[in-house]
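J.: Here is a sequence together with a model predicted from it:
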Amino acid sequence: MKRLIMTTAVALILASCGNKQQATTETNTGLKGEIKIDGSSTVYPISEAVAEDFGKANTGVKVTVGESGTGGGFKKFGRNETDISDASRPVKASEDSACKAANIDYIELPIAYDGLAIVVNKENTWLTKITVAELKKMWEPAAQGKIKKWNQVNPKWPNEEIHLFGPGTASGTFDYFTEAVNGKSKDSRGDYTASEDDNVLVQGIGGDKLGLGYFGLAYFEANKDKLKLIPVDNEKKEDGDGAITPSAETVQNGTYQPLSRPLFIYVNKKATERAEVKSFVEYYVANAGKLAKEVGYVALPDAAYDLVKKRFAAGTTGSAFAGKNTVGVKMEDLLKDETAPVETAAADKK
Amino acid sequence: MNNEEEKTLKNNAFKVWAVFATSIGLVMLGILLVKIGMDGMHRLSLQFFTSLPSRRAEDAGIFTAWVGTLWIMGTTALIAIPIGIGAGIYLEEYSKKGWWSNFLEINISNLAGVPSIIYGLLGLEVFVRLLHMGESILAGSFTLALLILPIVIVSTRESIKAVPKTLREASYALGASKWQTISMQVLPAASGGVMTGIILALSRAIGETAPLIVVGALTYVPFTPKSVFDSFTVLPIQIFNWVSRPQAEFLVNAAAGIIVLVVITIVMNGSAVLLRNRWQKNVKW
């Protein structure tokens, strides 16, 4: 019997070998090699799209993309296991020091924006806009077990139960929302319906008249018929007066604040010495805007892409975003202010 | 109510309960299959099987995913079956009964209940890093093999236990050695149960996603593996990715992917059941 199973297994393996389609010898550009990308599942669709198009033009280059999460991606990046790390938040100090310890210099490149949408059920008639202060009152840790009705947040709202929906704690979206609204990353009440799968949240709010939740703007765009998008007011005049409805335009021009976040790729500097990696990243930056829109995200302003391109060409290492409050900051300002951190600049000269 | 009526009533009530219990599983499976079939059937085409993942749902396919799944399942079976059956034979036929064998038995049963993500973490540390297998098919297969070993071992033991003692004694009486007795009498007689265990084990492995993600299975892999040392993706990971995408068209792809996964599982189980039945017919005692 063992022999039978063995032969079946071997036959299966041989059969799958015979199915190879990729003619790896054929190259259009002469570039060859392997590029390994891993990290955020939010950024994954953009990297997948870039890899898809780049792979068509450069059949000799094998680009693989994983989605082990922003944190998981940085762990591999810091062990020299990947060339590029996808991230839906800036690198953390601990991740940065892991890279330093392993002698890895990285180039940080913002590639798109993602807007977080505040949504309620279609039948919700009372909510037409919401302020960040009201959001905080609903979501802060102190609200746990206390804020249970809509009128506890705002007396004008009905005396009915409020049902909250949001992403789970492992999600980068959760990190960003809690930082933007509650002031500290991961600070949140815990008594809400949590799911790592945003489509579950869509179903939940779509079927609950008293529901409210937050997730990526792309998930609202795909489910407009079930949900109602709520404009957000951060009560700061410089970011646009009154409540702002998230859209490609308001996310890009920085008026939809504080709930639009930048998405990044981190490139291993040493890997860019390989022609295929350099050419891939250049292709990535040049096409990120178009492809980001195609998969449901928001492109950066053209001026920002120019700065990103220059940053890569100059090989500027270190992070312009780490440790800074990226909530409500305009990307161009951060990139312009940028001067390479001293230690990494010294490391470059070696 | 007299005694006779009460007996009939109890009898019928129990029968209703048994039918109800059986139908729960079948009805659930039926609902799932019909729903998935309605969502994904029209998406199945040659293009779907021969294309790479894509940002455009209608261009996307599962080529590298199903090939990866076959590689992983084949390699996992090659690793888990000989080790699992070997361990089962040792525990049942060779090891002395005592506190040590009890201890082993309890631990193996416990292993079957460990969450699969823990096996993933173990695999990452031991196979990927310590043994330098890298994020390869080999590392993934060893991890899945560990995951399913308890099932193979326990079912091997149980079916060996069920082989009548007289069979062994007859074999010894004819002058057969221990190894001859095990390989020519006990194992063939136990093969039905052993096969069932392997089927259950591999069916569990084929749907696993979490441990494979941890040991480094990727999502976008634009080439098929050439050896067990290559990086890979598998069907459940591709399905998981599509389910979590915002655009509804990807959900259709996911449904079609699930159909393929279900069909692969049914074919695998079906052929194993056939093999088992054929084998059992040849066993006479």
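T.: Received the coordinates, thanks. Numbers count the residues shown, from 1 in each chain, chains lettered A, B, ... in the order given.
J.: tell me which residues in the helix or strand that B:F250 is a member of are buried?
T.: In the assignment (DSSP states H and E), B:F250 maps to helix B:248-282. Neighbour counts over helix B:248-282 (16 or more other Cβ atoms under 10 Å in any protein chain shown) mark B:250-262, B:264-265, B:268-269, B:272, B:275-276, B:279 as buried. C-beta coordinates here come from the backbone N, C-alpha and C atoms, glycine included.
J.: tell me, which of the residues you listed make contact with chain A?
T.: Of the residues in the buried residues of helix B:248-282, proximity to chain A by Cβ under 8 Å from any Cβ of the partner chain holds for B:251, B:275, B:279.
J.: Verify the contact between the last one and B:G193 for me.
T.: Looking back up the chat, that one is B:W279. No: in this structure, B:W279 sits apart from B:G193 without contact. The criterion is Cβ atoms under 8 Å, and the distance is 11.2 Å.
J.: Please name the residues that touch B:Q238.
T.: For B:Q238, the contact set (Cβ atoms under 8 Å, 6 or more residues apart in numbering or on different chains) comprises B:53, B:62, B:65, B:219, B:257.
J.: Please report the distance of the closest residue to it other than its chain neighbours from A:G39.
T.: Computed as Cβ to Cβ, 6 or more residues apart in numbering or on different chains, the closest residue to B:Q238 that is not its neighbour in sequence is B:A65, at 4.1 Å. With the distance defined as Cβ to Cβ, to the nearest Å, B:A65 ends up 20 Å from A:G39.
J.: what's in contact with stretch B:126-139?
T.: For stretch B:126-139, using Cβ under 8 Å, 6+ apart, the contacting residues are A:81, B:68, B:71-72, B:75, B:123, B:142-143, B:215-218, B:225, B:227-232.
J.: residue contacts, A:N268?
T.: A:77, A:80, A:82-84, A:104-106, A:277.
J.: touching chain A at all, stretch B:66-84?
T.: Yes: on the criterion Cβ under 8 Å from any Cβ, stretch B:66-84 is in touch with chain A at B:67, B:70-71, B:73-75, B:77-78, B:81-82.
J.: okay, which residue is most central for the chain?
T.: With no chain named, the answer covers chain A. Using Cα atoms, centre = their mean, the residue of chain A that lies closest to the mean C-alpha position is A:S88, 3.0 Å off.
J.: oops, chain B please
T.: Among the residues of chain B, B:L202 comes closest to the average C-alpha position under Cα atoms, centre = their mean, at 1.9 Å.
J.: Which helix or strand lies directly C-terminal to the helix or strand hosting B:A201?
T.: Per DSSP H and E, B:A201 falls inside helix B:187-206. Towards the C-terminus, the helix or strand next in line after helix B:187-206, according to DSSP H and E, is helix B:210-214.
J.: Which strands or helices does that next one pack on?
T.: The elements that helix B:210-214 packs onto, with contact taken as 3 or more Cβ pairs under 8 Å, 6 or more residues apart in numbering or on different chains; DSSP states H and E, are helix B:116-123, helix B:137-161, helix B:235-243.
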